[in-house]
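Student: any chance you can model this:
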Amino acid sequence: MGKYSKIAVIYGSDSSEWEVSCRSGEFTASRIDGSEYDVYEIFARFGEWRLVAMKKRDAMRVPFPEGARPEVDKTDFSVKVYGEKIKFDFAYIMQHGTPGENGLLQGYLEMLGVPFSSCGSFVSAIAFDKFACKGYLREVDFVRLAPDVFARSGMDIDEICENASSTLRFPVFVKPTDGGSSFGITKVFKPEDLKEAVRFAFSEGPTVIIEQAVPGREFTCAAYTDKGEVKTLPIIEIVTGNEYFDYDAKYNGNSQEICPAPVDEAVSSHIQEVTGKIYTRLGCKGLVRIDYIQGEDGLYFLEVNTIPGMTSASLVPKMVRTAGMDITDFLSRIIENS
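Tutor: You can find the predicted model right below:
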C-alpha cells in the first residue's frame, strides 16, 4: 500500500503550452497504477479548475461532459462528486508553463500541506527562468554556459541590441526567459534582425535572454530521486533537420530522438554525472530533464525542465523504456518518493 490514495493529475495551463500540457497530463493519468491509486484528472486554466475524469481503483475511467465538470474547491483542494466530497492527498503536476512550472502552483500546495510530484516553489521559480537558473551555475566547473545578454520589458531595445551585437558572436538565440516548447524563440544570424526577434520574445513574457549559439550535438538527460538517491536515465541525442529543435521539430516529428545516444560510455556517463550535480545544486525534487549542447570545448548547459513532457512520444518515456523500466512503475516511484 502506497503513502497516498487519491492522486490529482493537474494539466492545462495559462501559457501557450496548455495543449501540450493536456496531452502530457492525459498520458500520465492513464499510466498511473490504477490498482494502487484513485486517479482524478483536473483541467486548470486561468483560475478555473474542473474535474475532467476520474478512475477509482480497479475501475473504468469516468469522464465528465464539458458543461458538467465538477469545480475544484481551492480552499482545501477537494471536489464534490455525486454528493461525495473527495479531498486529494497528492498532486501530480503536469502543467507546462505558468502556474505549474514557475512555482505558483507549488506554493499553493505547500501552503495547504499537500505533497506533489515536482520541485518546490522556490526551485521551480528559479529553474523556470533561464537567466536566473544560469546564475546558479556560473561558478561551477563541471558545465559551461554560453555568453548572454539579459533584457526586461521597458528597457531600451536599441541599447539591448547594440550591447548584444558588440558582445556576442552571431548566430544568437533570442528567447523568453520563462517560456517553453520553443514559443517565442528566434535564431538570429545578423544584427539587423535582432530587434524584431527581441520584440517577438517579449510577446511571450516580460524578460528575454539573448544567448550566443553553441555549435555541437544536442543531448538531454533526466534525473529523479529514488529512496533518497539521485538517479539518472539514459541520455538522448536530438537530431533535427530544422535550424534548431523548435516546436515543429518537437511535436510534428521533424527530428530524431536517439536513445540511447550513439556516444561512447565516457561521454554518456559524464552527461549523467553533470545532470545529477545540477539536480543537487539547484535542490530539485521529482523528475527533471536537463538539456545540453556538446560543443568543441566542452558540455554547455541549455535549460532545466522541471515538468518535462510526458506523452508516449516524449523524451522521458523513451528514456524510461530504454532503461528497461515500466512507465507505470516509474510513475509510482516518483509519487512515493515525493
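Student: only C-alpha atoms from now on, for both contacts and neighbour counts.
Tutor: OK.
Student: touching stretch 90-101 from outside, list them.
Tutor: 4-18, 20-22, 24-25, 104-106, 114-118, 124-125, 128, 178-180, 306-309, 335 (C-alpha atoms under 8 Å, 6 or more residues apart in numbering).
Student: whichever of those end up buried, select them in PyMOL.
Tutor: Buried residues among the contacts of stretch 90-101 (16 or more other C-alpha atoms under 10 Å), as a PyMOL selection:
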select buried, resi 4+5+6+7+8+9+10+11+12+13+14+15+16+17+18+20+21+22+24+25+104+105+106+115+116+117+118+124+125+128+178+179+180+306+307+308+309+335
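Student: inside helices: which ones of the contacts of stretch 90-101?
Tutor: 18, 20-22, 24-25, 104-106, 124-125, 128, 335 (DSSP state H).
Student: in the stretch 1-150 of the chain, which spans are strands?
Tutor: 6-11, 38-45, 48-55, 62-63, 78-81, 84-87, 90-93, 148-152 (DSSP state E, counting those that start in this stretch).
Student: and the last one, which strands flank it?
Tutor: Sheet pairing here is set by DSSP bridges, and for strand 148-152 it gives strand 207-212 (antiparallel).
Student: how about the CA coordinates for the strand it pairs with, as CSV?
Tutor: The C-alpha trace of strand 207-212 is given here as CSV (Å, rounded to 0.1, in the frame of the first residue of the first chain):
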residue,chain,number,x,y,z
THR,A,207,12.1,39.1,-19.7
VAL,A,208,14.3,37.9,-22.6
ILE,A,209,17.7,36.3,-22.9
ILE,A,210,19.9,36.8,-26.0
GLU,A,211,22.3,33.8,-25.9
GLN,A,212,25.2,33.0,-28.2
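Student: quick one: average pLDDT of that strand?
Tutor: Taken as a whole, strand 207-212 has an average pLDDT of 96.
Student: so how far is the longest helix belonging to the chain off the chain centroid?
Tutor: Secondary structure of the chain per DSSP H: the longest helix is helix 265-282. Distance of helix 265-282 from its chain centroid, counting by C-alpha atoms, centre = their mean, to the nearest Å, is 18 Å.
Student: same check on stretch 101-118?
Tutor: 15 Å.
Student: for stretch 126-143, same thing?
Tutor: 16 Å.
Student: picking up where we left off before, identify the residues contacting the longest helix of the chain?
Tutor: Counting by C-alpha under 8 Å, 6+ apart, 123, 127, 136-137, 142-143, 221-223, 230-235, 261, 285, 288, 290 sit against helix 265-282.
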